[in-house]
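>>> I would like to see how this sequence folds:
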Amino acid sequence: MQSKILSVTALIAGVSASGNYLGFNSGATNADNTAKFQADFEKEMTTAQNLNGAPGKFNAVRLYTNIQAYSTSDPIQAFPAAISTDSSLLLGIWTSGTTSIQNEINALKAALDTHGSDLADRVIGISIGSEDLYRNSIQGVSSSAGPGVNPDDLVAFIKDFKSAFADTLLKDVAIGHVDTSDAWANGTNSAVIDAVDWLGIDEYPYYETGHGNKIENAASLFETAYSAVEKVAGSKKIWVTETGWPYKGDTWDEAVASVANAKTYWDDIGCSKLFGKVPTFWYNLVQDSATNTMSFAITEDLSTTPLFNLTCPAKSTKSTSTSASASSTAASSKSSGLETASSKASGTETASSSAATATGSSSSSGSSGTTSEDVTKASSSKVAASGASAAQLGSSAFAAIAFVAAAFALF
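All right, here's what the predicted structure looks like:
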C-alpha cells in the first residue's frame with residue numbers, strides 16, 4: 001500500500017510541475033470601455049479561482065499589455081492584483097501599430113522595481129505580440145483587421161525584449177508569440193517560430209464560415225487547426241491561448257450561440273482535449289467587450305455560479321489525439337477563411353480592449369489617450385471579444401484525480 005501511495009504522490013507532483021495552465025484572458029478595459037483597476041482585476045481573479053464545479057483552480061491570467069489603460073507607460077494594475085490573489089501571469093507585449101515596444105518595456109521594468117520577485121515569480125510566460133502576423137496577412141488586410149507586424153519586425157521586437165530583460169528577474173522566462181494557425185503555417189513567418197520558445201494559438205470553430213461550423217463539427221475543426229500548427233512547431237511547446245463558444249449572440253453561418261452549445265464545446269474541446277494536458281487559456285471569464293455582439297463569457301456579473309456546468313464528464317480524463325503533454329498543444333483556424341474570423345475573435349479586439357497606450361494599442365504609437373479600440377474594434381466588432389482572467393491547472397485537483405485514478409489502476 002505504501003508503494004501505491006508513493007507512486008500516486010509522485011504522479012501528483014508531476015502534474016503540479018508540468019505547467020499545464022488552465023485559465024481565461026483579461027483585457028485592460030471593461031465592457032463600457034472604462035479602465036480596469038486593481039480592484040477590478042482582483043474581482044476577476046477571485047471569481048476565477050472559486051468557480052463552482054470548475055475542473056481545476058483558475059489561478060492565472062493572460063494579459064495583452066503591461067500598460068494600464070489610458071496611460072502611456074504606467075504598469076497595468078493587474079500586477080498588484082495578481083500578487084494579492086496569488087495568481088500566475090502570462091504577460092503580453094502589444095506590438096501592432098507601433099515601431100517600438102519601449103513603453104511596454106518601461107511599464108514592466110517599473111513594475112519589477114516596485115514588486116520584485118513577488119511579481120517575477122508569478123510570471124509563467126511572456127507573449128510578444130498577439131495575432132500580428134494574421135493582421136499583416138492578405139486575409140487580415142482584406143478583413144480590415146487593423147495594423148499588423150511583418151515577421152522581421154516581430155523578431156526584432158522579441159530581440160529588443162530579451163535584451164532589455166537579460167539581467168532581470170525575468171531573464172529565464174519563456175518567450176512566445178500568439179497567432180492563428182494559418183499565420184503559423186505560413187512559411188514566410190518561420191523566423192518567428194525560430195525566435196520563440198513556445199507558440200500560442202487562438203482557435204474558434206464558431207467563426208469558421210463555410211466549413212460546416214455547427215457545434216457537432218467543432219471538435220474536428222479544432223483538431224485540424226491544431227494539427228496544422230503542430231506540423232511546424234517541431235519540438236517547441238504549443239499553448240492554446242484562446243478558444244471558446246459564445247452562449248449568446250449572432251448565428252455565424254451554421255454556428256449557433258447558446259448556453260447548451262457553450263457547454264458542449266467546453267466538454268468536447270476543453271475537457272476532452274485540453275484541460276490537464278496542455279496550457280490552456282479559455283475565452284473568456286466575463287464579457288468585457290464594448291462592441292462585440294457575441295458573448296463567450298463563462299459567468300455574468302462575476303458570479304462564481306457559471307452559466308453552465310463546468311464539471312467535466314468522466315471521459316475527459318482520457319488522452320486524446322490532440323496531445324497528452326504540455327509540449328504540444330493548441331488551436332487555430334483551419335484555413336485562411338477560418339483564420340480571418342477566428343483571429344478577429346481574439347487578438348484584434350482583445351488587444352484593443354487591453355491596450356490603451358502607444359505600444360499597447362494598434363491605433364497609435366505614442367498617445368495614451370487614443371486606444372486601439374477605435375481602429376481594431378471597428379473591423380472586429382462582429383467577431384471579436386476581449387479577454388478575462390486566467391488560471392493554472394498544474395496543481396489542480398482535476399489533474400491530480402486523473403493521475404491518482406490512473407495510478408491505482410496499475411495495482
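
>>> helix/strand/coil for the closest residue to Asp179 other than its chain neighbours?
Spatial nearest neighbour of Asp179, excluding adjacent residues (C-beta to C-beta, 6 or more residues apart in numbering): Leu133 at 4.8 Å. The way it works is simple: take the backbone N, C-alpha and C, and place the C-beta from them, glycine included. Under DSSP: H, G, I helix; E, B strand; the rest coil, Leu133 falls in the helix class.

>>> do you know how far Leu108 is from Glu223?
36 Å (C-beta to C-beta, to the nearest Å).

>>> err, Ser73, not the other one
Relative to Glu223, Ser73 is positioned 41 Å away (criterion: C-beta to C-beta).

>>> of these two, who's got more company?
Ranked by neighbour count (other C-beta atoms under 10 Å), Ser73 and Glu223 place Ser73 first, with 21 against 18.

>>> okay, and that one sits in which element?
Using DSSP states H and E, Ser73 sits in no helix or strand.

>>> was I right about it contacting Ile67?
Yes - counting by C-beta atoms under 8 Å, Ser73 touches Ile67, with 6.0 Å between them.

>>> SS state for the residue nearest in space to the middle of the chain?
For the chain, the residue sitting closest to the mean C-alpha position, by C-alpha atoms, centre = their mean, is Thr241 at 2.8 Å. On the three-state scheme (three-state DSSP), Thr241 is labelled strand.

>>> same thing with Ile201?
strand.

>>> now it: how far from Asn261?
When distance is defined by C-beta to C-beta, Ile201 is 21 Å away from Asn261.

>>> more neighbours, these two?
The residue with the greater number of neighbours, taking Ile201 and Asn261 and applying other C-beta under 10 Å, is Ile201; the counts read 30 against 20.

>>> ok, that one to Val256 distance?
The span separating Ile201 from Val256 equals 24 Å under the rule C-beta to C-beta.

>>> try Tyr70
Here Tyr70 is placed at a distance of 36 Å from Val256 (C-beta to C-beta).

>>> repeat for Ala60
When Ala60 is compared with Val256 (using C-beta to C-beta), they lie 31 Å apart.

>>> more crowded one of those two?
Of the pair Ala60 and Val256, Ala60 is the one with more neighbours under other C-beta under 10 Å, namely 29 against 17.

>>> ignoring the adjacent residues along the chain, who's closest to that one?
Among residues not flanking Ala60 along the chain, Ser88 sits closest, at 3.6 Å (C-beta to C-beta, 6+ apart).

>>> ramachandran angles for the one you found?
When quoted as degrees, to the nearest 10, the phi and psi of Ser88 stand at phi -90, psi 160.

>>> again, but for Asp197
Asp197 adopts backbone torsions of phi -90, psi -30, taken as degrees, to the nearest 10.

>>> correct me, but it touches His177?
No - look at Asp197 against His177 with C-beta under 8 Å: they stay out of range, at 9.8 Å.

>>> which one of these two has more residues nearby?
His177 (32 against 13).

>>> in which helix or strand does Leu91 reside?
Here Leu91 is covered by strand 88-93, with elements defined by DSSP H and E.

>>> next, the angle strand 88-93 makes with the next helix or strand after that strand.
Using DSSP H and E, the helix or strand that follows strand 88-93 in sequence is helix 102-115. Orientation check (axes from the mean of the first three to the mean of the last three C-alpha atoms, to 10 degrees): helix 102-115 against strand 88-93 gives 150 degrees.

>>> pull the residues that contact the helix or strand that helix 102-115 is followed by.
Proceeding N to C from helix 102-115, the next assigned helix or strand is helix 117-120, under DSSP H and E. Where contact means C-beta atoms under 8 Å, 6 or more residues apart in numbering, the residues beyond helix 117-120 that reach it are 79, 82-83, 89, 111-112, 168-170, 173.

>>> what's the PyMOL line that selects buried ones from these?
Typed into PyMOL, the next command selects the buried ones out of the contacts of helix 117-120 (criterion: 16 or more other C-beta atoms under 10 Å):
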select buried, resi 79+82+83+89+111+112+170+173
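
>>> show me the contacts of helix 117-120 that map onto helices.
Assigned to helices by DSSP state H, the following of these qualify: 79, 82-83, 111-112.

>>> farthest-separated two in the residues you listed?
Ala82 and Leu112 (13.2 Å; C-beta to C-beta).

>>> which outside residues touch the strand holding Leu91?
21, 23, 59-66, 78-79, 82, 101, 104, 108, 119, 122-130, 157, 161, 178, 241, 281, 351, 354, 359, 390-392.

>>> residues in contact with Val173?
120, 123-126.
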